[in-house]
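Asker: I would like to see how this sequence folds:
(chains A and B)
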There are 2 protein chains.
Amino acid sequence: MNFISQIAWNSDGLIPAIAQDAISNKVLMMAWMNEEALQATVIEQRAVYWSRSRNKLWRKGEQSGNIQRLVGLHLDCDNDTILLKVVQKGGVACHTGRESCFFKILQDNNNWIAADEVIRNPEEMYR
Amino acid sequence: MNFISQIAWNSDGLIPAIAQDAISNKVLMMAWMNEEALQATVIEQRAVYWSRSRNKLWRKGEQSGNIQRLVGLHLDCDNDTILLKVVQKGGVACHTGRESCFFKILQDNNNWIAADEVIRNPEEMYR
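Answerer: Got it, this is the predicted structure:
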């Protein structure tokens, strides 16, 4: 696939991939892709990342069911960051059961506080 | 500052920082911050990144005038990615003169095409 060769992979062969909800426009998460993950994302039309901790492909939602259906794929000016527009199944992207992983906000320029509600019980997601 | 110590910096002492327009909700760009950049961002209430190519602090807009005023700062569940909500001065974040750096979209699952319009002449931005 042609579009793969234009990617400016980092020294580990990875590229950061940001997932944004196509409906709410919330930024849901940031993860990494290698060539195989990016190809799988396009072929399967769902977000497939490369798990750096488990060292294998991570089909988002494979355990929790909270898959991300691909709506659009964007590349930045430097060809080194990807933006995915997705439809987030279940409305939950975060393993804590929240819509977005970015649920901590800086308060009083000093402390991170958890600001978003838990939509789904994490224990139910991963049992 | 307390909140700095909670960040999970990578092995280079950096964290990826995503900037999202607080009004249009567009994802504008992704760059990197070190401790100094994050502190400066909070103190100055504008986006300050760490330029890996120039190896120095990068006060976004220092040349182009397209500064990013800080509206909110978010941290993800793993403490290893930052999301900035910003007001983008001039409505242009990209050095190509477009609103967002993510202006290339994947067409027919094969080719990246430039999809967004150029709002400002890049030559005028950097002269």
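Asker: residue boundaries of the strands in chain A?
Answerer: A:15-21, A:27-33, A:48-51, A:56-59, A:68-75, A:82-88, A:104-107, A:111-114 (DSSP state E).
Asker: Residues touching the longest one, excluding its own?
Answerer: The set of residues external to strand A:68-75 that reach it, using C-beta atoms under 8 Å, 6 or more residues apart in numbering or on different chains, is A:6-7, A:19, A:22, A:28, A:41-42, A:45-47, A:60-61, A:81-89, A:93, B:102-106, B:112. C-betas here are computed from N, CA, C, even on glycine.
Asker: I'd like to know how far the residue located most distally from the centre of chain A sits from residue B:2.
Answerer: Within chain A, the residue lying farthest from the chain centre (C-alpha atoms, centre = their mean) is residue A:108, at 28.6 Å. Note on residue A:108: its distance to residue B:2, by C-beta to C-beta, to the nearest Å, is 10 Å.
Asker: Please list the residues of chain A that sit near chain B.
Answerer: Applying C-beta under 8 Å from any C-beta of the partner chain, one finds that chain A approaches chain B through A:1-3, A:6, A:16, A:18, A:20, A:25, A:27, A:29-30, A:42, A:72-78, A:81, A:83, A:94-96, A:98, A:101-106, A:109-112.
Asker: Show me how to select, in ChimeraX, the buried members of those.
Answerer: What follows is the ChimeraX syntax for the buried subset of the residues of chain A next to chain B, where burial is set by 16 or more other C-beta atoms under 10 Å in any protein chain shown:
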select /A:3,16,18,20,27,29,30,42,73,74,75,76,77,81,83,94,95,96,98,101,102,103,104,105,106,112
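Asker: Can you give me the neighbour number for the closest residue to residue A:9 other than its chain neighbours?
Answerer: In space, and not counting its chain neighbours, residue A:9 is closest to residue A:15: 5.8 Å by C-beta to C-beta, 6 or more residues apart in numbering or on different chains. When counting by other C-beta atoms under 10 Å in any protein chain shown, one arrives at 22 neighbours for residue A:15.
Asker: got the angle for the longest helix seen in chain A vs strand A:27-33?
Answerer: Longest helix in chain A by number of residues (criterion: DSSP state H): helix A:35-44. With axes from the mean of the first three to the mean of the last three C-alpha atoms, to 10 degrees as the basis, helix A:35-44 and strand A:27-33 are set at 120 degrees to each other.
Asker: quick one: buried residues of helix A:35-44?
Answerer: A:35, A:37, A:38, A:40, A:41, A:42.
Asker: and the angle for that helix with strand A:82-88?
Answerer: Going by the same axes, to 10 degrees, helix A:35-44 makes 40 degrees with strand A:82-88.
Asker: Output the helix or strand of chain A with the lowest mean pLDDT as PDB, restricted to C-alpha atoms.
Answerer: Scoring the helices and strands of chain A by mean pLDDT, DSSP states H and E places helix A:122-125 at the bottom, with a mean of 89. Taking Å, rounded to 0.1, in the frame of the first residue of the first chain, the C-alpha atoms of helix A:122-125 are listed here in PDB:
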ATOM      1  CA  PRO A 122     -14.000  -1.100  34.500                       C
ATOM      2  CA  GLU A 123     -14.300  -4.400  36.300                       C
ATOM      3  CA  GLU A 124     -17.200  -5.200  34.000                       C
ATOM      4  CA  MET A 125     -15.200  -4.200  30.900                       C
END
